[in-house]
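Q: Fold the following, please.
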Amino acid sequence: MIKVNNISKRYGEQLALDDVSFSIARGEIVGLLGPNGAGKSTLMKIITCFIPPTEGEVTVCGHSIFDEPREVCRRIGYLPEHNPLYTEMYIPEFLQFIAGTYGLRNSKQRVDEMIALTGLEPELGKRIGALSKGYRQRVGLAQAMIHDPEVLILDEPTTGLDPNQLEEIRKVIRNVGKTKVVLLSTHIMQEVEAMCSRAIIINHGKIVADNSADELKSLELSGNRYVVEFDREVDIEKLRKISGVAQVHHQTGHTYAIHGKGSDDLREKIFHWAVAQGHTVLTIQKEQESLERIFQQLTN
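A: Okay, the predicted model is just below:
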C-alpha cells in the first residue's frame, strides 16, 4: 500500500533524509520513531505530497506521488502535528465542510459516524476554538478519516489526551488499522507497544531499525542486564572482576544490578562466583531491554 524507495531530501546543504526505503501493507499499524529533527515529519510530508523528495520514489496504493498526486491524496487521511482547524466553526459544521471538499454524497451520515467513532458527542455545542487540546485532536482525527481513506498518516495523534481519552483513541486507531494502512509518528514508546505491529526508528535521516516491538526489545545492543539478590552484602569490586561484567550498581538491601559487556549469558558465571565467595544467590533475573533504552541506544 505504501512503498518508499531510496528517498533522500536536501534543504540546501542539510541532508534531512538519506536513502530511506520501506514498505507497509494493508492491516499494518507502523510507528515512526526518532528524536526531534530526525526526519519523521519530512518523510510524512513527502508521502502526503506536501513536498517533493530530492531523490527516490514513493507510491501509495500503486499511485506515484510524482505522476498521480491527486490520486495519492484521495487515498490518504492526514493528521499533521500542528492540527489546522477552523476555530470559529462548530464540530458538525467543520466536518460537513471537510466532507464537502471530498464531494461525499452521504456527508451527513459520514459526519455522524465520525462524531460517534471519535467520541465527540459531549462537545457538539461548542465552537472548535473552545475545545480542549484533546478534543481538538479528536476533531483532527475525524477529519482525517471522514472520506474513508485507505491510508492514514498521523503525526503525534495522541498529543494532549488524558489517560481515558488516550485509551479510547488507541482503540479507534487499532480498529481502523485492521483494514487500512496506518503510519503514525510518536515520541511515546508505550504507544508502539499499545498500537503498533511494527516500529521504524529513524535517526539523522537514516533508518536504524525496522522491527516489531518484541524484536526491538530482544536486540542486545550493549549487553544484558541482570538483577541479582544475594543472601548478604557482597564486594562490588570483586563482582566487577567477573569476566564479561561491565558495571555493577547496588540497588536495595542485598540486590545488585549487573550489566554485561556483550550478548553472552552471565548467569552461570555469577552463580559460580557466588559459590566460590561463599555467598548464596537468592534470585537472579535477566531483564529484557525496554523500548526506551533500545531507542536511546539506536539514536545516540
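Q: Centre-most residue in this protein?
A: The residue lying closest to the centre of the chain (Cα atoms, centre = their mean) is residue 31, at 3.3 Å.
Q: pLDDT below threshold where in this structure?
A: For the chain, applying pLDDT under 70 flags the ranges 217-223, 288-289.
Q: all helices of it, in order?
A: Taking DSSP state H as the test, the helices found in the chain are 40-47, 69-74, 91-101, 107-117, 133-145, 163-176, 189-195, 213-217, 236-240, 267-277, 291-299.
Q: chain center to the second one: distance?
A: Put simply, helix 69-74 sits 25 Å off its chain's centre (Cα atoms, centre = their mean, to the nearest Å).
Q: Equivalent analysis for the fourth one, please.
A: Relative to its chain's centre, helix 107-117 lies at 27 Å (Cα atoms, centre = their mean).
Q: and if you look at the third one?
A: For helix 91-101, the gap between its own C-alpha mean and the chain's C-alpha mean amounts to 29 Å (Cα atoms, centre = their mean).
Q: and that helix, what other elements does it pack with?
A: helix 107-117, helix 133-145 (3 or more Cβ pairs under 8 Å, 6 or more residues apart in numbering; DSSP states H and E). For the C-beta atoms, the positions are set from N, CA and C on the backbone; glycine is no exception.
Q: Which elements pack onto the last one?
A: Applying 3+ Cβ pairs under 8 Å, 6+ apart, we find helix 133-145 packed against strand 76-79, helix 91-101, helix 107-117, strand 151-155, helix 163-176.
Q: With mean neighbour count and distance to residue 186 added, can I get those in JSON lines?
A: Shown next, in JSON lines, are those (neighbours: other Cβ atoms under 10 Å; distance: least, Cβ to Cβ, whole Å):
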{"stretch": "strand 76-79", "mean neighbour count": "22", "distance to residue 186": "12"}
{"stretch": "helix 91-101", "mean neighbour count": "17", "distance to residue 186": "24"}
{"stretch": "helix 107-117", "mean neighbour count": "17", "distance to residue 186": "21"}
{"stretch": "strand 151-155", "mean neighbour count": "24", "distance to residue 186": "9"}
{"stretch": "helix 163-176", "mean neighbour count": "16", "distance to residue 186": "11"}
